[in-house]
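Novice: Mind looking at a prediction? Sequence and model below.
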Amino acid sequence: MIYIAYPSQAAEDIKDVFQSLEEAFEITTPKDRHKLTRYEFAEKSEELLKKSSIFIAEASYPSTGVEIEATWAIEHDIPILLFVKKGKDYLEALKDHYVKVRHYSSTEELKEKLYDFLTTEYPGESKQEYFQYSDKEQYKSHKKGWERKYK
């Protein structure tokens with residue numbers, strides 16, 4: 001699963017880019033997590049993060065929520081990828097930790113970089129064909145065989 005975070009003040013088109021990932025990948029977004037009651041929100045959100053293979057956030061604007069979730073990711077050794085609008089800087093609290101940062105200038109560029117990263121770095125998270133295999137290792141073996149056969 002891919003854990004997505006973004007500040008509540010993020011533009012709707014940015015939120016839509018992340019929400020569109022659910023068509024091709026197993027994700028959880030703030031929209032999903034806000035359906036939880038306030039009493040279970042923090043605990044369930046951290047549980048979802050523990051089960052995730054990567055934490056991806058839009059970090060162009062200060063956000064306490066994104067900072068807390070990124071801290072959880074660091075505590076649980078979950079890789080972090082931050083998308084930051086060109087000309088902006090990401091959270092000061094994360095600068096002492098290893099995080100990947102990708103800069104973008106438009107919504108289209110964000111979408112392109114996001115999909116490129118996920119399809120090359122995390123193909124096992126894709127929903128396509130994955131349901132046939134009981135674990136990620138079987139799926140990765142299937143993909144390697146397919147690439148040898150058809151490329």
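Specialist: Here it is on my side, so go on. Residues are numbered from 1 along each chain as shown.
Novice: Would you map the strands across the chain?
Specialist: With strands called from DSSP state E, the chain shows them at 2-5, 27-28, 54-58, 80-85, 100-104.
Novice: show me the contacts for the spatially most central residue of the chain.
Specialist: Geometric centre of the chain, nearest residue: Ile56, 3.1 Å, by CA atoms, centre = their mean. Contact partners of Ile56, counting by CB atoms under 8 Å, 6 or more residues apart in numbering, are 2-5, 18, 80-83, 114. Yep, even glycine has a C-beta here, placed from its N, CA and C like the rest.
Novice: any idea which of those residues is the one closest to Asp32?
Specialist: Ile4 (8.9 Å; CB to CB).
Novice: if I look at the closest one, how far off is Glu26?
Specialist: Distance of Ile4 to Glu26, computed by CB to CB, to the nearest Å: 11 Å.
Novice: How about Gly124?
Specialist: 10 Å.
Novice: just Ala5 next, same as before
Specialist: Distance from Ala5 to Glu26, by CB to CB: 16 Å.
Novice: These two: who's more crowded?
Specialist: A direct count of neighbours by other CB atoms under 10 Å for Ala5 and Glu26 places Ala5 higher, at 27 against 16.
Novice: The more buried one contacts Ser52, correct?
Specialist: No. Ala5 is beyond contact range of Ser52, at 10.7 Å (criterion: CB atoms under 8 Å).
Novice: Poorly predicted segments of the protein, please.
Specialist: Flagging of the chain using pLDDT under 70 yields the residue ranges 127-151.
Novice: Good, wrapping up.
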